[in-house]
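Chemist: Take a look and give me a structure for this.
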Amino acid sequence: MAQVLVSIRMDEELKKSMEQTCQELGMNMTTAFTIFAKKMTRENRIPFEVSVDPFYSDSNLAHLRRGIKALNAGQGTEHDLIESDE
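Modeler: Sure thing, here's the model as predicted:
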């Protein structure tokens, strides 16, 4: 089967992280993308769930911007660190 070159762009830090993960799994990025492409083609779908992180919702980002604005104006209030149960 003939081979073709596929070129993609991604964030440099993401690429380094992916290369590290691939190395730990005993493969390179080409193999990882080939596995992804074969599974996507075979299943005719993205082979994992794709969802939006609620942290980046418009309402949460607006809340964070208001908080930053208040802090920058000297109107912030200190609170205790909230620990996660996870």
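Chemist: can you tell me which residues contact the closest residue to residue 32 other than its chain neighbours?
Modeler: Counting by C-beta to C-beta, 6 or more residues apart in numbering, residue 22 is the residue found nearest to residue 32 once chain neighbours are left out, at 5.2 Å. (Glycine included, C-beta is placed from N, CA and C.) For residue 22, the contact set (C-beta atoms under 8 Å, 6 or more residues apart in numbering) comprises 28-29, 31-32.
Chemist: now do the same end-to-end measure for stretch 47-64.
Modeler: This stretch, stretch 47-64, spans 33 Å end to end (C-alpha to C-alpha, to the nearest Å).
Chemist: tally of neighbours for residue 18?
Modeler: Residue 18: 15 surrounding residues under other C-beta atoms under 10 Å.
Chemist: That one sits in which helix or strand?
Modeler: Using DSSP states H and E, residue 18 sits in helix 12-24.
Chemist: Off-centre distance for whichever helix or strand comes after that helix?
Modeler: Note on helix 12-24: by DSSP H and E, the next helix or strand toward the C-terminus is helix 29-43. Centroid displacement of helix 29-43 relative to its chain, using C-alpha atoms, centre = their mean, to the nearest Å, is 18 Å.
Chemist: average pLDDT for the very next helix or strand once past helix 29-43?
Modeler: Proceeding N to C from helix 29-43, the next assigned helix or strand is helix 58-72, under DSSP H and E. Mean pLDDT, computed over helix 58-72, is 88.
Chemist: try stretch 33-48
Modeler: On average, stretch 33-48 scores 96.
Chemist: So which bits of it are buried?
Modeler: For stretch 33-48, a neighbour-count test (16 or more other C-beta atoms under 10 Å) marks nothing as buried.
Chemist: Now the terminal residues of stretch 4-23, how far apart.
Modeler: Termini of stretch 4-23 sit 23 Å apart (C-alpha to C-alpha).
Chemist: hmm, who's touching stretch 27-37?
Modeler: 6, 15, 18-19, 22, 25, 47.
Chemist: if we go to 7 Å?
Modeler: With C-beta atoms under 7 Å, 6 or more residues apart in numbering as the test, stretch 27-37 has contacts from 18-19, 22.
Chemist: Per-residue confidence at the residue most central in space within the chain, what does it come out as?
Modeler: Note on the chain: the residue nearest the mean C-alpha position is residue 14, at 8.3 Å, using C-alpha atoms, centre = their mean. Residue 14 is assigned 96 on the pLDDT scale.
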